[in-house]
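S.K.: A predicted structure for the sequence below; I have some questions about it.
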Amino acid sequence: MPIKIPADLPACADLENENIFVMTEDRAVAQDIRPLEIAIVNLMPTKIATETQMLRLLSNSPLQVNITLLRTEAHESKNTPAQHLERFYKTFSEIRHGSFDGMIVTGAPVEHLPFEDVDYWHELLDIMNYASSHVYSTLYICWAAQAALYHFYGIPKFNLPSKLSGIFNHDILHPGCRLFRGFDDTFTAPHSRNTEVRAQNILDEPRLRLLAQSDEAGVTLAESKDHSQVFMTGHLEYDRGTLDAEYRRDVDRGLNPEVPQHYYPNDDSAALPHMNWRAHAHLFYCNWLNYYVYQETPFSLTAIAQNRESRSL
């Protein structure tokens, strides 16, 4: 949460120059406060594990957040009990007439398919178009980030020679971006994907900004310049053992996968994997919730669509 100080206190300008969020007394008095409404579109087959990972990060904040879990109607989940989905999830048709302060759309293991061949592609298009007018800020992760970049900006995905899996260092290209408040100059994050988007395609699109990239893993974070869309190609939400479970699953399937890079000590898959991204993961989600959602979204959810066009770049 921000610190509240007088606008003319000398420290105010210094702190703002250091990218520290300061709220002046005048703004604090004028603020309306209510719980945030956040939707999570869970496309992962391991829905229970993914929802736990997301909720862990979203809960590490003093903000009150109401969560709505969404699933697609067009795809039948084979890895999550039907009673769990019926009890805890809604479908797009049930919420399409409302609005949300924020939305998270997870990745999905469908990278080998052209976007249009994914069985829920048209439903996802409806959700993404809905988010562009009824959600204040949407965070797209991994395959969903590639899908959104393709749908909204025509940016293609490219197949990688082999699966990119491991923990990689990333350089922050815009340290003044509010998503990086409190970050070090570099940060680590897991990646697990077979395709990529390329930096030059993002740099060539004037409506987008490339925020972070890795020498080994490529594009990591990008955003629309109005902050309404954030694209993360990695998985800051992953637990310590997520890549390990994926690796062992692929071994059992006879896929002969490479050991995830920079993950096991001495590349020994029998050893306890490294966990060196947790702090930045919590900070990233707190920053997104605070600066891109809470501090900006209108008090009335019905006003989100009207406010979108007037947002500053």
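M.R.: Sure, I can see it. Numbering: from 1, shown residues only.

S.K.: from here on, contacts and neighbour counts on C-alpha atoms
M.R.: Will do.

S.K.: so what touches the helix or strand hosting Lys163?
M.R.: Lys163 belongs to strand 158-172 when assigned by DSSP states H and E. Applying Cα atoms under 8 Å, 6 or more residues apart in numbering, the contact partners of strand 158-172 are 185-197, 211-217, 220, 243, 257, 259-263.

S.K.: check which element follows it along the chain.
M.R.: Tracing the chain C-terminally past strand 158-172 and defining elements by DSSP H and E, one meets strand 186-196 next.

S.K.: now the strand holding Lys163 against strand 186-196, angle please.
M.R.: 170 degrees (axes from the mean of the first three to the mean of the last three Cα atoms, to 10 degrees).

S.K.: who does the spatially most central residue of the chain bridge with?
M.R.: Among the residues of the chain, Leu139 comes closest to the average C-alpha position under Cα atoms, centre = their mean, at 4.0 Å. Using DSSP bridges, the beta-bridge partners of Leu139 come out as Ile104, Val230.

S.K.: and it, how far is that from Ala222?
M.R.: Applying Cα to Cα, to the nearest Å, one obtains 10 Å for the distance of Leu139 from Ala222.

S.K.: common neighbours of the two, please.
M.R.: With contacts defined as Cα under 8 Å, 6+ apart, the residues adjacent to both Leu139 and Ala222 are Val230, Phe231, Met232.

S.K.: next, count neighbours for the first one.
M.R.: Burial measure for Val230: 26 neighbouring residues, criterion other Cα atoms under 10 Å.

S.K.: report the contact partners of it.
M.R.: Ser137, Thr138, Leu139, Tyr140, Ala145, Leu221, Ala222, Glu223, Ser224.

S.K.: excluding chain neighbours, what is closest to the first one?
M.R.: The shortest distance from Ser137 to any residue other than its chain neighbours is 4.1 Å, reached at Ser228 (Cα to Cα, 6 or more residues apart in numbering).

S.K.: quick one: buried residues of stretch 243-251?
M.R.: By neighbour count, and taking 16 or more other Cα atoms under 10 Å as the criterion, the buried residues in stretch 243-251 are Leu243, Asp244, Tyr247.

S.K.: and stretch 90-104, by the same measure?
M.R.: Judged by neighbour count (16+ other Cα under 10 Å), stretch 90-104 contains these buried residues: Lys90, Thr91, Phe92, Ser99, Phe100, Asp101, Gly102, Met103, Ile104.

S.K.: tell me the contacts of the residue nearest to the centre of the chain?
M.R.: Gly102, Met103, Ile104, Val105, Ala145, Gln229, Val230, Phe231, Met232.

S.K.: circling back: which of the contacts of strand 158-172 are buried?
M.R.: Applying the neighbour count, that is 16+ other Cα under 10 Å, the buried entries in these are 187-197, 211-214, 217, 220, 243, 257, 259-263.

S.K.: Thr188 touches Asn276, doesn't it?
M.R.: Yes. With contact taken as Cα atoms under 8 Å, Thr188 and Asn276 are classed as touching, separated by 6.8 Å.

S.K.: show me the buried residues of stretch 243-251 that map onto helices.
M.R.: Judged by DSSP state H, the subset of these located in helices is Leu243, Asp244, Tyr247.

S.K.: and the second one, how far from Ser269?
M.R.: This means Asp244. Distance of Asp244 to Ser269, computed by Cα to Cα: 8 Å.

S.K.: same question, the last one
M.R.: Counting by Cα to Cα, the gap from Tyr247 to Ser269 is 9 Å.

S.K.: find residues that contact each of those two.
M.R.: Common neighbours of Tyr247 and Ser269, counting by Cα under 8 Å, 6+ apart, are Val259.

S.K.: that older thread, could you export the buried residues of stretch 90-104 as a markdown table, including distance to Glu73, pLDDT and secondary structure?
M.R.: Formatted as a markdown table, the buried residues of stretch 90-104 follow (distance: Cα to Cα, whole Å; pLDDT from 0 to 100; DSSP: H, G, I helix; E, B strand; the rest coil):
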| residue | distance to Glu73 | pLDDT | secondary structure |
| --- | --- | --- | --- |
| Lys90 | 9 | 92 | strand |
| Thr91 | 6 | 94 | strand |
| Phe92 | 8 | 94 | helix |
| Ser99 | 19 | 93 | coil |
| Phe100 | 20 | 95 | strand |
| Asp101 | 23 | 94 | strand |
| Gly102 | 21 | 95 | strand |
| Met103 | 18 | 97 | strand |
| Ile104 | 17 | 97 | strand |
